[in-house]
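Peer 1: Predicted model follows, preceded by the sequence.
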Amino acid sequence: MRHAALSGPRFFRFSNLIDAALMAAAGERRREPQRQDFVREPAGDDAAAHRQDVGIVVLTRKPRGKEVVAERRADAGDLVRRDLFALSATAEHDAALRAPVGDRPADVDADRRIVDHFFAVRAVIVDSVPECRERLLQMFFQREARVIGANRYSHGQRLYYVREMIPSVVISARGEERLRDGHPWIYRADVADVRAQAGDVVLVRGPRARALGHALYSDRSQIALRMIAYGAADNDLDADALIRRRLDAAIAFRTSLAIDATAYRLVHGEAELLPSLIVDKYGDYLVVQALSQAMDRRLPAIVSALSDLLHPRGILARNDPRARTLEGLEQRVDVLAGEIPETVTVTEVGIEYDVDLRRGQKTGLFLDQRENRAAAAQYARGRLLDAFSYNGGFALVLGRRCQETIAIDVSEDAVARVRQNATRNGVAVDARVGNVFDELRGMERLRERFDTIVLDPPAFAKNKAAVVNARAGYKEINLRALKLLNPGGTLGTCSCSYHVNEADFAEIVYDAAIDAQAHVTVVEKRMQGRDHPVLLGVPETYYLKCFILRKLP
Ligand code: SAH
């Protein structure tokens, strides 16, 4: 049905019509136009072949219908930007072109047309095709100004080229620069033109129409595009196949890490070139988060790929992070495959945990701290304080080496879990519900002392505006902790605020040390675990800082 609807009396030889530049532009598409793509070659000679008037008309699905094409006075530059061929020739006339219907003169009802002085170089177009995923655009090139010009009589002598419309977005020069620097996000302010719908995988073009790659498109978020593939090589991108390959690679990498746990992150979004997708493994179960419109739309394909690759007993979507609302997506928790029990038991660094995948924080556990728990354990001794303990990750791993362990969290549920996990693992933990800020001050008044302290607060700076207060908060708890620490003791201090970077955090801790009148050495600088890798050039993927400090005697 591709060409069937198109017919016309005589056509030019397309070798005359299509010049090298045009062919080069066409080559950027998913494939070069082939001889057979042009409907009917001309019989006879093309006497007007030297003329460089090239018009272009986009017809929608119904090529004989009225919904034809280019708008009067449309910006010619758009033609090049909008997923249509760049044209190289110019027209001398203000050629008003009406939609030809068969051999009849222009359809009188056609209300859109190409009208442009120079529509060849500064061309045009336009469409009003509502369903861009489905639309099949048919373009025809027409030569001979006379025909498409003055007399508005456009029968014959046309070439048609048929292809599918690829959803596409044009970005600004600044956006292109960002991409070149390796950042996969393009903000809305750097989007110049959109030919796509919410959640499409789009072809991304630079301001000069150069294909830059493919991205997930969001019509809501300030992050309008998230790149998933770079370069022009593969215009006809099979996004599901690409995602599947990336999932496979991500999983293979985790397997190679020989992680000492049955729970860990399999897919860390941007750092996997799978932006806005998180997949965590908890034993035989998987938890996914799709944090953009396009990833959300692709969940069925993701679930099917994960099922094939890992054969999990169940896949849960923890699609309840607030970030989803920025995408206009619902916050919800759904079982996507198999079944998910109320509690799943996993082990990590020799400790067993009962995890509530549906209701636990993040996807159930703070998997990103696994290696920091193991590292901090090497220094743990004497009296241990785990502040902001959640369900006891640090308290349990470090507590095995300590005489006494106190864990504090403001959440009663979390503290109940600490107690449960402590019993299960045979580690004595005094788990308390409390506000760490108050508790630290109270302990200072009571002149309590510890040999090992862990500070693992929630992100104090959730956005830039919160940084000033966040700094004060971090400084406060670090100051108190350093005062409570015995000389020779160890402080493991963390920040998971992306907006407070490593240097900022080091400075805050240094300030705290000065105020605490302590000489402090940095024994280890750590970050999130290896299953949460950082993508260079994308600071957002480096969020967790963890310093292991020693208070000098
Ligand atoms: N250390 C934990 C993760 C901590 S997440 C682990 O390794 O798994 C941060 C925790 O801080 C959450 O459990 C939250 O309930 C708790 N929290 C937040 N504000 C608090 C406060 N002011 N006082 C005590 N706990 C707090």
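Peer 2: Great, that's in hand. Numbers count the residues shown, from 1 in each chain.
Peer 1: Write out the residues of the stretch 251-400 of the chain neighbouring the ligand.
Peer 2: 366, 369, 388-390, 393-394 (Cβ under 6 Å from any ligand atom). Bear in mind the C-beta positions are built from the backbone N, C-alpha and C, glycine included.
Peer 1: now those as CSV including distance to Leu237 and neighbour count?
Peer 2: Formatted as CSV, those follow (distance: Cβ to Cβ, whole Å; neighbours: other Cβ atoms under 10 Å):
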residue, distance to Leu237, neighbour count
Phe366, 35, 23
Gln369, 36, 27
Phe388, 43, 20
Ser389, 45, 28
Tyr390, 40, 24
Gly393, 40, 26
Phe394, 44, 30
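Peer 1: can I get those residues in a markdown table with pLDDT and secondary structure?
Peer 2: Shown next, in a markdown table, are those (pLDDT from 0 to 100; DSSP: H, G, I helix; E, B strand; the rest coil):
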| residue | pLDDT | secondary structure |
| --- | --- | --- |
| Phe366 | 96 | coil |
| Gln369 | 98 | helix |
| Phe388 | 98 | coil |
| Ser389 | 98 | coil |
| Tyr390 | 96 | coil |
| Gly393 | 96 | helix |
| Phe394 | 98 | helix |
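Peer 1: quick check, nearest of the residues you listed to Lys551?
Peer 2: Of all these, Phe394 has the smallest distance to Lys551: 17.9 Å, by Cβ to Cβ.
Peer 1: Please report the distance of that closest one from Glu444.
Peer 2: 21 Å (Cβ to Cβ, to the nearest Å).
Peer 1: what residues are up against the residue of the stretch 451-553 of the chain found nearest the ligand?
Peer 2: Relative to the ligand, the nearest point of the stretch 451-553 of the chain is Asp456 (3.5 Å; Cβ to the nearest ligand atom). Contact analysis of Asp456 by Cβ atoms under 8 Å, 6 or more residues apart in numbering lists 366, 369, 386-390, 393-394, 492, 494.
Peer 1: again, but for Arg322
Peer 2: Gln331.
Peer 1: quick one: pLDDT of it?
Peer 2: Per-residue pLDDT puts Arg322 at 93.
Peer 1: Could you tell me the phi and psi values at it?
Peer 2: phi -60, psi -30 (degrees, to the nearest 10).
Peer 1: can I assume Leu299 is in contact with Ala290?
Peer 2: Yes: with contact defined as Cβ atoms under 8 Å, Leu299 reaches Ala290; the gap is 5.4 Å.
Peer 1: so what sits against both of those two?
Peer 2: Contacts common to Leu299 and Ala290, judged by Cβ under 8 Å, 6+ apart, are Ala317.
Peer 1: between those two, who's got more neighbours?
Peer 2: Taking neighbours as other Cβ atoms under 10 Å, Leu299 and Ala290 compare with Ala290 leading, 22 against 17.
Peer 1: Distance check, the more buried one against the ligand.
Peer 2: 23 Å (Cβ to the nearest ligand atom, to the nearest Å).
Peer 1: show me the contacts for that residue.
Peer 2: Contacts of Ala290 (Cβ under 8 Å, 6+ apart): 276-277, 296, 298-299, 302, 317, 319.
Peer 1: With Val397 instead?
Peer 2: By Cβ under 8 Å, 6+ apart, Val397 lies in contact with 348-351, 373-374, 376-377.
Peer 1: Helix, strand, or coil at it?
Peer 2: Secondary structure, DSSP: H, G, I helix; E, B strand; the rest coil: Val397 is helix.
Peer 1: Apart from its chain neighbours, what residue comes closest to it?
Peer 2: Closest residue to Val397 apart from its sequence neighbours, by Cβ to Cβ, 6 or more residues apart in numbering: Arg373 at 4.2 Å.
Peer 1: Kindly report the same for Ala173.
Peer 2: Pro207 (5.2 Å).
Peer 1: got the contact list for that neighbour?
Peer 2: Pro207 is in contact with 81, 170-173, 176, 192, counting by Cβ under 8 Å, 6+ apart.
Peer 1: can you pull the pLDDT of it?
Peer 2: Note on Pro207: pLDDT of 89.
Peer 1: what do you get for the one 5 residues further on?
Peer 2: Taken from the predicted model, the pLDDT recorded for Leu212 is 93.
Peer 1: Can I take it that it is in a strand?
Peer 2: Yes: under three-state DSSP, Leu212 falls within a strand.
Peer 1: For this protein, name the helix or strand with the lowest mean pLDDT.
Peer 2: Across the helices and strands of the chain, the lowest-confidence element by mean pLDDT, DSSP states H and E is helix 145-148, at a mean of 26.
Peer 1: and the chain, which residues reach the ligand?
Peer 2: Counting by Cβ under 6 Å from any ligand atom, the chain sits next to the ligand at 366, 369, 388-390, 393-394, 408-411, 414, 435-437, 456-458.
Peer 1: now do 8 Å
Peer 2: 361, 365-366, 369, 373, 386-394, 408-411, 414, 434-439, 454, 456-458, 494, 496 (Cβ under 8 Å from any ligand atom).
Peer 1: Report the contact partners of the residue in the stretch 101-250 of the chain positioned nearest to the ligand.
Peer 2: Proximity of the stretch 101-250 of the chain to the ligand (Cβ to the nearest ligand atom) peaks at Ala250, 22.9 Å away. Listed by Cβ under 8 Å, 6+ apart, the contact set of Ala250 reads 266-268, 272, 274, 279.
Peer 1: again, 6 Å this time
Peer 2: Ala250 makes contact with 266-267, 272 under the criterion Cβ atoms under 6 Å, 6 or more residues apart in numbering.
Peer 1: Any chance of those residues in CSV with distance to Val500 as columns?
Peer 2: Converted to CSV, those look like this (distance: Cβ to Cβ, whole Å):
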residue, distance to Val500
Leu266, 27
Val267, 26
Glu272, 25
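Peer 1: Which one (most neighbours) among those residues?
Peer 2: Going by other Cβ under 10 Å, Val267 tops the contacts of Ala250 with 26 neighbours.
Peer 1: Following the chain past the longest strand along the chain, name the next helix or strand.
Peer 2: Using DSSP state E, we find that the single longest strand of the chain is strand 485-495. Using DSSP states H and E, the next helix or strand after strand 485-495 towards the C-terminus is helix 502-515.
Peer 1: before we move on, back to that, check what contacts the longest strand of the chain and list those residues.
Peer 2: Applying Cβ under 6 Å, 6+ apart, the external contacts of strand 485-495 come out as 376, 379, 449-456, 478, 481, 505, 545-551, 553.
Peer 1: Identify the residues contacting the residue in the stretch 301-450 of the chain that the ligand sits nearest to.
Peer 2: At 3.0 Å from the ligand, Gly393 is the closest residue in the stretch 301-450 of the chain, using Cβ to the nearest ligand atom. Residues in contact with Gly393 (Cβ under 6 Å, 6+ apart) are 369, 373.
Peer 1: next one: the one 10 residues further on
Peer 2: By Cβ under 6 Å, 6+ apart, the contact set of Gln403 is Gly382.
Peer 1: Using the three-state scheme, assign the closest residue in space to Val429 that isn't next to it in sequence.
Peer 2: Spatial nearest neighbour of Val429, excluding adjacent residues (Cβ to Cβ, 6+ apart): Ala422 at 4.0 Å. Following three-state DSSP, the label given to Ala422 is helix.
Peer 1: can you count the residues close to Ala422?
Peer 2: If we define neighbours as other Cβ under 10 Å, then Ala422 has 22 of them.
Peer 1: Surely it touches Ala416?
Peer 2: No: counting by Cβ atoms under 6 Å, Ala422 stays clear of Ala416, with 10.8 Å between them.
Peer 1: So for those two, which residues contact both of them?
Peer 2: Counting by Cβ under 6 Å, 6+ apart, nothing touches both Ala422 and Ala416.
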